[in-house]
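S.K.: Coordinates for the following, if possible.
(4 chains)
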2 protein chains.
Amino acid sequence: MLTIGSLGKKTGTKVQTIRYYEQIGLMPEPGRTEGGQRRYGDAEVDRLSFIRHARQLGFPLEAIRELLDLSDNPDRSCHEADSIARRQLKQVELRMDRLKALQTELKRMIHECSGGNTADCKVLEVLRDHSECLTDHDAIGA
Amino acid sequence: MLTIGSLGKKTGTKVQTIRYYEQIGLMPEPGRTEGGQRRYGDAEVDRLSFIRHARQLGFPLEAIRELLDLSDNPDRSCHEADSIARRQLKQVELRMDRLKALQTELKRMIHECSGGNTADCKVLEVLRDHSECLTDHDAIGA
DNA sequence: CTTGAACCTCTAGCAGCTAGACATTTAGAA
DNA sequence: TTCTAAATGTCTAGCTGCTAGAGGTTCAAG
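M.R.: Next up, the predicted model:
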């Protein structure tokens, strides 16, 4: 039986985060000692590892909830899990495209900096002049 | 003189967002009509465009605050603006690297999906088995 | 039996908005 | 001039995914 602290160490998760996952129903309510402290078994280690791994792959918690649900019902179709993963891949690739565009413009900005005073700073100038901008749309969340 | 709504349209900013920027001191308190409605002039259009453009390039609001400050004082050195931009570029490149790693693993996951039921779903299996994972560290924020 | 580390709950905060409730103002048409 | 509908006003709460702190209790080792 593990304390919350050692579960955290095993899975690379902060204690607060584990309690948070419990609160939002991603982790089950564990057994408690008489004094009220949480105690975990192997199943919880696996579940939390799964969650953390998926988080590292950028899956949002809601997607992870679905994946866990699928994982709990081994007779359901694999297609759902597959499509969640594909969705996630699409998100990742979209974000990459945006970042590439940003990178280009940032490089251009910096490249043109001559190093005088801000009155003729290219960085500020580029930011001021929206017209040359190539990445107009909704790149903010990138 | 523009209403907050037309300022928003001109700059591609939601009304609520403009008020939010005012609240946190990024935008100045504008003049008001007798009835208390905000009215904006050209200076505000420029300032808000600057902010939005910088946001599209992924600059955090605090960095934008600094950039605006530099922009307001044309005699200061351009180096500060330049280093803010460089910092931002580094961030962007770091995020790109992470996303690339995620993309690789997601593709591998999906590629191996055979399409049965979830009992032998590769997607779930990969998530379950942390040991094959290449992107261990702090990829979460990517 | 004592100590000090680890645990408990609860609340608030981060970024950067977004959405809703509800009241007031404005601009144009009748 | 008066009506009306859209736009504005303030205020509060919510989103994601945690993180930090206050202030109190429990546990395990010595």
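
S.K.: Would you enumerate the residues in contact with A:I24?
M.R.: A:L61 (C-beta atoms under 8 Å, 6 or more residues apart in numbering or on different chains). All C-beta atoms are positioned from the backbone trio N, CA, C, and that covers glycine.

S.K.: What backbone torsions are found at A:G25?
M.R.: phi 80, psi 10 (degrees, to the nearest 10).

S.K.: tell me, how many neighbours does the residue lying closest to it once chain neighbours are set aside end up with?
M.R.: Of all residues not flanking A:G25 in the chain, A:R65 sits nearest, at 7.9 Å (C-beta to C-beta, 6 or more residues apart in numbering or on different chains). Residues near A:R65, counting by other C-beta atoms under 10 Å in any protein chain shown, number 16.

S.K.: Looks like A:F50 contacts A:L68 (just checking).
M.R.: Yes. The pair formed by A:F50 and A:L68 meets the contact definition of C-beta atoms under 8 Å, at 6.8 Å.

S.K.: how about low-confidence regions in chain A?
M.R.: A:114-119, A:130-142 (pLDDT under 70).

S.K.: I'd guess A:G35 is in a strand, am I close?
M.R.: No. Assigned with DSSP: H, G, I helix; E, B strand; the rest coil, A:G35 falls outside any strand and is coil.

S.K.: is any part of the longest helix seen in chain A close to chain B?
M.R.: In chain A, with assignment by DSSP state H, the single longest helix is helix A:78-111. Yes. Helix A:78-111 lies within reach of chain B by C-beta under 8 Å from any C-beta of the partner chain, at A:78-82, A:84-86, A:88-89, A:92-93, A:95-96, A:99-100, A:102-103, A:105-107, A:109-110.

S.K.: which among the residues you listed end up buried?
M.R.: A:78-82, A:84-86, A:88-89, A:92, A:95-96, A:99, A:102-103, A:105-106, A:109-110 (16 or more other C-beta atoms under 10 Å in any protein chain shown).

S.K.: contacts with DNA strand D among these, please.
M.R.: Among those, no residue is within reach of DNA strand D (C-beta under 7 Å from any atom of the strand).

S.K.: Quick check on A:R38: phi, psi?
M.R.: phi -70, psi 140.

S.K.: State the number of residues packed around it.
M.R.: By the measure other C-beta under 10 Å, the count of residues near A:R38 is 21.

S.K.: And A:L68, by the same measure?
M.R.: Other residues lying near A:L68 total 18 when counted by other C-beta under 10 Å.

S.K.: same thing with A:K9?
M.R.: Using other C-beta under 10 Å, the number of residues around A:K9 comes to 12.

S.K.: Pull up the gap between it and DNA strand D, please.
M.R.: According to C-beta to the nearest atom of the strand, to the nearest Å, A:K9 stands 14 Å off from DNA strand D.

S.K.: So what does that residue look like in phi/psi?
M.R.: phi -60, psi -40.

S.K.: repeat for A:G31
M.R.: Note on A:G31: backbone dihedrals following degrees, to the nearest 10 are phi -70, psi 160.

S.K.: what's near enough to touch the nearest residue in space to it that is not next to it in sequence?
M.R.: Distances taken as C-beta to C-beta, 6+ apart put A:R39 closest to A:G31, at 5.2 Å, once the chain neighbours are dropped. Residues counted as contacts of A:R39 (C-beta under 8 Å, 6+ apart) are A:1-3, A:30-33.

S.K.: Domain ranges for chain A, per the record?
M.R.: Per automatic domain parsing, the structural domains of chain A span A:4-59, A:78-141.

S.K.: Format these as a markdown table; extra columns: distance to B:L26.
M.R.: Shown next, in a markdown table, are the domains of chain A (distance: least, C-beta to C-beta, whole Å):
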| stretch | distance to B:L26 |
| --- | --- |
| domain A:4-59 | 29 |
| domain A:78-141 | 14 |
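
S.K.: Give me the most central residue, chain A.
M.R.: Closest to where the C-alpha atoms of chain A average out (C-alpha atoms, centre = their mean) is A:G58, at 3.7 Å.
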